[in-house]
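> What shape does this take:
(chains A and B)
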Amino acid sequence: MKTLIIIKEKDYAWLRPIFTGIHPLLVPICNKPFIEFLIDFAILAGSDALRILSDGPLSDVEEYCDNGSRWGIAISYGSIKSSDETLLIMEKNHRYCAGERVLLMNGFVFIEYDKQHNYTALFAELPDGEILGCNKGSLSLRGTPGERPKVAGALPLSLVELDSLEVYYRLSMEILSFGESPYVIPGYSNEAYCHIGRNVVISKSAEIRKPVIIGNNVQIMADSIIGPLAVIGSNVIIDKASTVTDSIVLEKTYIGEQLEVQNRIAAGNILIEPESGISIAMDDPHLLTGIKKSGSAEILFQSVVHRLFALFLITVLLIPFLLLSPILKFQRKWKKSTGSYYINDAGKTLALTTTSINRQSLPGSIAAALSLDRFGLLFNVLSGQLAIIGSTPIAAKTDNSVPLLEMGSWYKAGVFSYAEAEEWPANGDERAIVERYFAVHGNPLLDIAMTIKAFFNLIHEIHTP
Amino acid sequence: MIFHVDASTGKTLGIVDLSGRLDAANSSELLKSFAVWQQQANMFVFNCTRLDMIDSSGLGAIVACLRKALEKNGELKLAALNQKVSMVFELTKAKKLFSIFPDTGSAIQSF
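Next comes the predicted model:
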């Protein structure tokens, strides 16, 4: 069997203002792009090939789904006119459909199904014609003529017209409330009502109340309460003491401190009341904001600022370095070692020479207080290999496997770390929280302030017994 | 922001009409003005009918006004929040701090 998905722009125009830049077929429902639910169903129905037809652009969908090999189904794409009727579309695709039964998914509708059910057998028994229909679309079978027995009883299927944010919200909440989901939901699920993605950092004092679905690269900070009934998208930060219940937080959203998100959809800096559709765009980054990667101009400016500040530190520390390092080397209290470290999120490695100073003498104590052990690393900042402040460098694995769980998209190794500036415990997860927060919310001037703070914290650390 | 005194209920109430945006640009002005208005009244209604938008600074200023009013055994009630402003109050849990009325008349009558 083959499947045709027919989708027209007019059916999903309502989605555009909220999901700007996302093709409606890629809009996440419980962190899973809508098209994947359709693909899953086509496979369950026994399809081995699927064609997506639209009167709008499909390049993003094509890029995401490619040829379908990921799902083991052959996916192709085609264009239609807005005015094309279903019969005409079938005619235009008759070569594709020739000799096969065709499952037609028409319109912007969600098919409620159960992954445990044998739809292949069911559809083999169903006669040609419409299986299900609603105002916004239909599900039908077309194909080789012939008498087929009618299946008695209600079908284990239904359609949901995706025509408003309220429906989108209700549907997500409904999917969330299944203990054993009838759909394949992304993320690990060791227990019912709970799906958690990769690289999720949850503070010890945060509370997760099922049912919840949490995406990848999510950071939930201290005293936050997530759920019940919360869908947290990927690359989301929920700041301290905030509560998210009965809500959907879409990807790349920052929820500020001590906020209460209840019965809402948060998308970047937009907060939506699903029932009324009223939305507000927050101008206030302390409340709600989108998380963006810095643009190339910002990255360049940041790099220049980091280099200038490294140059400044080299100038200031040069004389103490020249005076103290020979003494400490002579006393064998200055030990160097070289190791390979990851320097960015792409897993690029660099051989870094790190220094350890024995602080049991006055010169050692002064050298450590002045962070002279980092002096050599400052030259790596000048060459752009390290940031002046960033993440604590992670030692490269000998088998070249990049520790993805530790390195998010924000990772950039620094001479000093944000965790040192904030005097954060050395624990990996806790450190990752603060480093990620500043990497996402930082700016070049804040970086300088944080570097100075880290520098003075290290002095204080030396003098604290 | 416009201030006037209402004595229709027999009590001296300070009515503050907020309009436009209340954000970092004008929240300090509200705080300064409130200190002056407190010399004329200690019970207030903030009429938000024409308040289009509020951010965390504006919210902080209103909460600070409430605190100042309570310090002098006064009261501060809010009226006619539009849905967007109301959503900010809900989001920040500030709604729990205030008595909020659908219109200025009912807020005045509540004293």
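
> OK, contacts around the closest residue to residue B:95 other than its chain neighbours?
Nearest residue to residue B:95, sequence neighbours excluded (Cβ to Cβ, 6 or more residues apart in numbering or on different chains): residue B:89, at 4.3 Å. To be clear about C-beta, it is placed using only N, CA and C from the backbone, and glycine gets the same treatment. Residues counted as contacts of residue B:89 (Cβ atoms under 8 Å, 6 or more residues apart in numbering or on different chains) are B:59, B:81, B:95, B:98, B:100.

> what two of the residues you listed are the furthest from one another?
B:59 and B:100 (13.3 Å; Cβ to Cβ).

> and the two? which has more neighbours close in?
Taking other Cβ atoms under 10 Å in any protein chain shown, residue B:59 and residue B:100 do not tie; residue B:59 has more neighbours (22 against 17).

> doesn't the more buried one fall inside a helix?
Yes: counting by DSSP: H, G, I helix; E, B strand; the rest coil, residue B:59 falls inside a helix.

> if we can go back for a sec, any idea which of the contacts of residue B:89 is closest to residue A:29?
Nearest to residue A:29 out of the contacts of residue B:89 is residue B:95 (Cβ to Cβ; 30.1 Å).

> Just give me the closest of the contacts of residue B:89 to residue B:110.
residue B:100 (10.5 Å).

> would you say the closest one is within a strand?
Yes: according to three-state DSSP, residue B:100 belongs to a strand.

> For chain B, which residue occupies the most central location?
residue B:46 (3.0 Å; Cα atoms, centre = their mean).

> Format the contacts of residue B:89 as JSON lines; extra columns: pLDDT.
Converted to JSON lines, these look like this (pLDDT from 0 to 100):
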{"residue": "B:59", "pLDDT": "89"}
{"residue": "B:81", "pLDDT": "95"}
{"residue": "B:95", "pLDDT": "88"}
{"residue": "B:98", "pLDDT": "92"}
{"residue": "B:100", "pLDDT": "94"}
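
> Show me which of those is closest to residue B:52.
residue B:81 (11.1 Å).

> Ramachandran coordinates for the residue of chain B found nearest chain A?
Minimum separation of chain B from chain A (Cβ to the nearest Cβ) falls at residue B:55, amounting to 3.9 Å. In this entry, residue B:55 is assigned phi and psi values of phi -120, psi -170 (degrees, to the nearest 10).

> circling back: OK, contacts around the residue nearest to the centre of chain B?
Neighbours of residue B:46 in contact, by Cβ under 8 Å, 6+ apart: B:16, B:18, B:62, B:65, B:76-79.

> please redo it, this time with the cut-off set to 10 Å
Residues near residue B:46 by Cβ atoms under 10 Å, 6 or more residues apart in numbering or on different chains: B:1, B:14-18, B:22, B:30, B:34, B:62, B:65-66, B:76-81, B:98, B:100, B:104, B:107.

> hang on, the earlier thing: the helix or strand where the residue nearest to residue B:95 lies: which residues count as buried?
Taking DSSP states H and E as the criterion, residue B:89 maps to helix B:83-91. Residues of helix B:83-91 classed as buried by neighbour count (16 or more other Cβ atoms under 10 Å in any protein chain shown): B:84-91.

> OK, contacts around residue 50?
Since you didn't name a chain, this refers to chain A. A:1-5, A:35, A:38-39, A:42-43, A:65, A:68, A:71, A:73-77, A:103, A:105 are the contacts of residue A:50 under Cβ under 10 Å, 6+ apart.

> The intended chain is chain B.
Neighbouring residues of residue B:50 by Cβ under 10 Å, 6+ apart: B:2, B:17-20, B:80, B:82.

> thinking again about what came up before, pretty sure the residue nearest to the centre of chain B sits in a strand.
Yes: counting by three-state DSSP, residue B:46 falls inside a strand.

> what's the distance between it and residue B:52?
According to Cβ to Cβ, to the nearest Å, residue B:46 stands 14 Å off from residue B:52.

> returning to that earlier point: hey, what's in contact with both of residue B:59 and residue B:100?
B:89, B:94.

> Would you tell me what helix or strand the nearest residue to residue A:274 once chain neighbours are set aside is located in?
In space, and not counting its chain neighbours, residue A:274 is closest to residue A:169: 3.6 Å by Cβ to Cβ, 6+ apart. Assessed by DSSP H and E, residue A:169 sits inside helix A:165-176.

> For that helix, name the packing helices and strands.
Secondary-structure packing of helix A:165-176 (3 or more Cβ pairs under 10 Å, 6 or more residues apart in numbering or on different chains; DSSP states H and E): strand A:28-29, strand A:109-112, strand A:158-161, strand A:212-214, strand A:230-232, strand A:247-249, strand A:265-267, strand A:270-272.

> Show me the contact partners of the first one.
With Cβ under 10 Å, 6+ apart as the test, strand A:28-29 has contacts from A:19, A:22, A:34, A:36-37, A:110, A:162, A:168, A:171-172, A:175, A:183, A:185-186, A:213, A:215, A:231, A:233-234, A:248, A:250-251.

> The third one too?
Strand A:158-161 is contacted by residues A:11, A:105, A:107-113, A:131-139, A:167-168, A:170-171, A:174 when judged by Cβ under 10 Å, 6+ apart.

> So which residues on the stretch 201-350 of chain A come close to chain B?
A:241-243, A:255-264, A:266, A:271-273, A:276, A:278-288 (Cβ under 10 Å from any Cβ of the partner chain).

> from those, which ones fall inside strands?
Judged by DSSP state E, these include A:243, A:255, A:260-262, A:266, A:271-272, A:279-281, A:288 as members of strands.

> Pipe these into a markdown table and attach pLDDT and neighbour count per row.
Output for those, formatted as a markdown table (pLDDT from 0 to 100; neighbours: other Cβ atoms under 10 Å in any protein chain shown):
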| residue | pLDDT | neighbour count |
| --- | --- | --- |
| A:243 | 94 | 21 |
| A:255 | 89 | 26 |
| A:260 | 92 | 20 |
| A:261 | 94 | 24 |
| A:262 | 93 | 15 |
| A:266 | 92 | 27 |
| A:271 | 89 | 26 |
| A:272 | 90 | 24 |
| A:279 | 83 | 19 |
| A:280 | 82 | 22 |
| A:281 | 79 | 12 |
| A:288 | 68 | 26 |
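
> tell me the two of the residues you listed that are most distant?
A:243 and A:281 (21.7 Å).

> Buried ones among the contacts of strand A:28-29?
Buried among the contacts of strand A:28-29 (16+ other Cβ under 10 Å): A:19, A:22, A:34, A:36-37, A:110, A:162, A:168, A:171-172, A:175, A:183, A:185-186, A:213, A:215, A:231, A:233-234, A:248, A:250-251.

> Can you dump the C-alpha atoms of stretch B:27-37 in PDB for me?
The C-alpha coordinates for stretch B:27-37 follow below in PDB (Å, rounded to 0.1, in the frame of the first residue of the first chain):
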ATOM      1  CA  SER B  27       8.400  52.900  36.700                       C
ATOM      2  CA  SER B  28      10.600  55.100  38.800                       C
ATOM      3  CA  GLU B  29       8.400  58.000  37.900                       C
ATOM      4  CA  LEU B  30       5.400  56.100  39.300                       C
ATOM      5  CA  LEU B  31       7.300  55.400  42.500                       C
ATOM      6  CA  LYS B  32       8.300  59.000  43.000                       C
ATOM      7  CA  SER B  33       4.800  60.300  42.200                       C
ATOM      8  CA  PHE B  34       3.200  57.700  44.500                       C
ATOM      9  CA  ALA B  35       5.200  59.100  47.500                       C
ATOM     10  CA  VAL B  36       3.700  62.600  46.700                       C
ATOM     11  CA  TRP B  37       0.100  61.100  46.200                       C
END
